[in-house]
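> build me a structure from this.
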Amino acid sequence: MPDMKFRYRFHYIVALGLIGALVFSMKFLLGSTLSQMSDDSRVINVAGRQRMLSQRIARQSLALAVSMNRQDAELIQLHAGRLSDDMQLWRDSHEGLVGRDEAMGLSGVNSDGVRSLFMELAPSYERVCVLAAQLLDHAGSDAGHAAESDGLVLIAKQVGIEADRFLPLMHEIVGIYDSEGRARVAVLSTKEAWISGIIFLVLFLEAVLLFEPMIRRLNKTMAQLNRAAEEANHANHVKSEFLANMSHEIRTPMAAILGYTDLMKQPDQDPEQRRDCIQTIDRNGKHLLSIINDVLDMSKIEAGQMSVESIQMNPAQIAEEAVSLLRPKLLEQNLELRVHYASTVPSSIASDPTRLRQILINLIGNAIKFTKQGSVTLEVSCDWCTKEMAFKVIDTGAGMTAEQRDRVAAFQPFTQADTSTTRKFGGTGLGLRISNTLATMLGGGLTVESEFGKGSTFTVTVKTGDLREAQQIEPDQIDTLIKQHQARVFSDSTKADEPLKGMRVLLVEDGRDNQRLITFHLKKAGAEVELAENGQIGVDHLNRCKPDQLPHLVLMDMQMPEMDGYTATRHLRKQGFSLPVIALTAHAMEGDRELCLQAGCDDYLTKPIDRQNLRDTCARLTGWLAAA
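Reported below is the predicted structural model:
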């Protein structure tokens, strides 16, 4: 943009400079034209006056000769004075024309044709001057010695004859002066016309090449600004709707949690009612956590900080897990949920199991929400040539119109098919945007097909990575393999009712409720737990411990009064404390894990703490320690 502005400014200045130079040239030519016309008119006037003077000299000569014959002194003096004045003016004008005397305003140079004519009329001019001088001499002599009348008249007639010879040549000279002046004016006029044309051409080019693009760009910018303003207004409107909807979505499970918690306080509750309250609180708590996770994921996407991993995973297992997690919802709505394998499936692919499971749970959950009767089908297939897996979620729900489908397929945040969808079915409008972004990051994408009144199909594709080492599992073998895997998992879990038995854990946590909950999970797993209410107490406790009394690992809350977990962990590492430290924090944004690891923590768990994840992480780190 700055380069564009500089280029426009430079072109504009150049154009103005060129127009200024042309206008100045035009002004100069106009001045030159007027000056030349003035000079030419002055020369032509003097030359024309010479023609008139030649005739007047002839008449005055004849009148003087007649007056001297009559011996009329008064007339002699009158005509002699006039002839003398005319002759003086005639000689001065002639000399001025021949020499182009600038003192007389007769600047310039005579052309060859004019000089030739002046040379041709020179004898007549000189003869007139001599004859007129003779007459004037006779007029000035003593009146008593009058000359012969015939001789004076003859001299006057000779003056007339020479004047008649002078007149046509002078007339021709005047014509040449006139034609030459016209020619010079025509040349200057042509130049003026050319300059005028160039000025108009420059103005036209300036309008076409400079102002028109500037106006077009200005209009484009104004259109962009108007569009941006409309988009901003729309975004504000959408976000306002989102905030109102989000408030509803958060308050609904919170109201259930608080309401059923209050019911559990009633002393007359029987075990069945208490169990129902616990299940309701658990269900709404998980729903509230999923809303918070969606908001966090959306924040990561908007900030460009969302990341995925690529590890070996069993795609059929992920599909079955997603379905099993949502099967209770289906039973509530009396819907049928099927998993259909449309092709052989690889035993292992390179992808992110957590994110793929999140996508499938979101799509299947949406299908269940919008399907009142019928079924929801998850169709799994693999294209071994393109190394791509497809997961189709097909429902027999309400479907969408073409306009609603296009709106949903844009995968914009805070957007659903229409506002009535939010009022009728709930939801934040973030799930599809998150799913589409995750699918894209996994090498595939998300597409939607829908027919109003018949249902919708959402298809998510992901890249599989290298499949040369993967086994091709036939569809009829998948169910058996999944059941065998689940049996092994169940067998392992039953063997390890207390996987952390004998482990000493220092829990550094200031929240009473979290202390009780985490301590309960750890003791249930067989661990011995000691408590410290902040980082300073935790550091002091470890400094007092003898080597054989040290805990096997430390669970460190990162936000505490007096000394937070970051500072406490840095102090411990500086003192040479090498036992595992696991960070506990409610911060789940991109970069929070790195902050904890940079402080010296070995791993990172987010609140609310998942019981199985807590056990697995503690077992893994202490197992590593034991192996070490």
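
> and the residue lying closest to Gly374 once chain neighbours are set aside, how many neighbours?
Closest residue in space to Gly374, ignoring its immediate chain neighbours: Thr396 at 3.1 Å, by C-beta to C-beta, 6 or more residues apart in numbering. In short, each C-beta sits where N, CA and C put it, glycine included. A count of nearby residues for Thr396, using other C-beta atoms under 10 Å, gives 19.

> thought Thr396 was touching Lys454?
Yes: counting by C-beta atoms under 8 Å, Lys454 is a contact partner of Thr396 at 7.3 Å.

> quick one: pLDDT of Arg7?
pLDDT recorded at Arg7 is 66.

> likewise for Phe204?
If you check Phe204, the pLDDT there is 77.

> same thing with Asp603?
Predicted confidence (pLDDT) for Asp603: 90.

> so who does it touch?
Shown in contact with Asp603 (C-beta atoms under 8 Å, 6 or more residues apart in numbering): Pro580, Ile582, Ala583, Thr617, Leu621.

> other SSEs contacting the host helix or strand of Lys220?
Using DSSP states H and E, Lys220 falls within helix 212-264. Packed against helix 212-264, as judged by 3 or more C-beta pairs under 8 Å, 6 or more residues apart in numbering; DSSP states H and E, are the following elements: helix 2-70, helix 271-302, helix 419-425.

> kindly recompute the last result at 7 Å.
Helix 212-264 sits against helix 271-302, with contacts defined as 3 or more C-beta pairs under 7 Å, 6 or more residues apart in numbering; DSSP states H and E.

> any idea of the angle the helix it packs on forms with helix 212-264?
Counting by axes from the mean of the first three to the mean of the last three C-alpha atoms, to 10 degrees, helix 271-302 lies at 160 degrees to helix 212-264.

> immediately after helix 271-302, which helix or strand?
Following helix 271-302 in sequence order, the next helix or strand is strand 311-313 (DSSP H and E).

> returning to what we had before: state the distance from the residue nearest to Gly374 to Glu498.
47 Å (C-beta to C-beta, to the nearest Å).

> if you skip the residues just before and after it, what's nearest to Thr461?
That would be Gly444: by C-beta to C-beta, 6+ apart, it lies 3.3 Å from Thr461.

> likewise Ile199?
With sequence-adjacent residues excluded and distances taken as C-beta to C-beta, 6+ apart, Ile199 is closest to Leu22, at 4.8 Å.

> can you check Gln273 too?
Spatial nearest neighbour of Gln273, excluding adjacent residues (C-beta to C-beta, 6+ apart): Leu263 at 7.6 Å.

> let me know the pLDDT of that neighbour.
79.

> you'd agree it is up against Ile278?
No: look at Leu263 against Ile278 with C-beta atoms under 7 Å: they stay out of range, at 10.5 Å.

> what pLDDT does the closest residue to Met441 other than its chain neighbours get?
Spatial nearest neighbour of Met441, excluding adjacent residues (C-beta to C-beta, 6+ apart): Val308 at 4.8 Å. On the pLDDT scale, Val308 is placed at 83.

> could you look up the SS state of Ala583?
State at Ala583, reduced to three classes by DSSP: H, G, I helix; E, B strand; the rest coil: strand.

> I'd like the numbering to begin with 807 instead of 1 from here.
OK, 807 is where the count begins now, so the last one is Ala1389.

> surely it meets Tyr1410?
Yes: counting by C-beta under 7 Å, Ala1389 does reach Tyr1410; the two are 4.7 Å apart.

> looking at the two, which is more packed in?
Ala1389 (26 against 19).

> what about the stretch 807-956 of the chain, any weak spots by pLDDT?
Scanning the stretch 807-956 of the chain for pLDDT under 70 picks out the ranges 807-815, 817-818, 947-956.

> could you redo the last one with a cut-off of 80?
Scanning the stretch 807-956 of the chain for pLDDT under 80 picks out the ranges 807-846, 875-878, 907-914, 945-956.

> phi, psi for Leu1141 please.
As for Leu1141, its main-chain torsions (degrees, to the nearest 10) stand at phi -110, psi 160.

> ok, Leu1252 - contacts?
Residues near Leu1252 by C-beta atoms under 7 Å, 6 or more residues apart in numbering: Phe1217, Ser1241, Asn1242, Ala1245, Phe1264, Val1266.

> 10 Å instead, please
Contact partners of Leu1252, counting by C-beta atoms under 10 Å, 6 or more residues apart in numbering, are 1165, 1169, 1197, 1215, 1217, 1238-1239, 1241-1246, 1264-1267.

> of those, buried ones?
When the contacts of Leu1252 are checked for burial by 16 or more other C-beta atoms under 10 Å, the buried set is 1165, 1169, 1197, 1215, 1217, 1238-1239, 1241-1245, 1264-1267.

> roughly how far does Met1119 sit from Ala1125?
11 Å.

> list residues touching both of the two?
Taking C-beta under 10 Å, 6+ apart as the criterion, Met1119 and Ala1125 both touch Leu1162, Arg1163.
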